[in-house]
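**Student:** Dropping the sequence and predicted coords here.
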Amino acid sequence: MNRALSTTALAAILFMLAPAAPAGVVAFRGAIVEEGCAVRDQRLACPPGHPIDARLERFDADAARRHLRAPLFAYAVTREPERSWRLIEVTYR
């Protein structure tokens, strides 16, 4: 019991002493871990054995800007209005 208590206390102290993240930085990081499918002639061209459970739809950028509900993206845009932003890809699952 004493060992568990001292380990927990040590972990809490180390957590409190850790440096904070730099203020004012919004960063988007990540990795794509799923193989994507190519698009040819407005159809998915997936490799054999790859499940096709998606559909293609035309993207209307103006409509998307009017209906975009992404608080973090909106924050980034209002924080740096002089920077131009461009939507690259949206995937819904």
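**Tutor:** Received, thanks.
**Student:** Give the residue spans of this structure that score low on pLDDT.
**Tutor:** 1-2, 4-6, 9-36, 51-57, 59, 61, 64-70, 72-73, 86-93 (pLDDT under 70).
**Student:** Swap in 50 and give it another go.
**Tutor:** For the chain, no stretch is flagged by pLDDT under 50.
**Student:** Skipping its backbone neighbours, what lies nearest Leu44 in space?
**Tutor:** Spatial nearest neighbour of Leu44, excluding adjacent residues (CB to CB, 6 or more residues apart in numbering): Cys37 at 4.7 Å. The way it works is simple: take the backbone N, C-alpha and C, and place the C-beta from them, glycine included.
**Student:** Make sure the one you found is actually in contact with His50.
**Tutor:** Yes. The pair Cys37 and His50 qualifies as a contact (CB atoms under 8 Å) at a distance of 6.4 Å.
**Student:** Would you double-check that Val39 falls in a strand?
**Tutor:** Yes. Counting by DSSP: H, G, I helix; E, B strand; the rest coil, Val39 is located in a strand.
**Student:** what's across from it in the sheet?
**Tutor:** Beta-bridge partners for Val39, by DSSP bridges, are Leu44.
**Student:** What's the local residue count around His50?
**Tutor:** Counted with other CB atoms under 10 Å, the neighbours of His50 add up to 13.
**Student:** Next one: it from Leu44, what distance?
**Tutor:** 9 Å (CB to CB, to the nearest Å).
**Student:** Need the residues touching each of these two.
**Tutor:** Cys37 (CB atoms under 8 Å, 6 or more residues apart in numbering).
**Student:** ok, Val77 - how many residues close by?
**Tutor:** Neighbour count of Val77, defined by other CB under 10 Å: 15.
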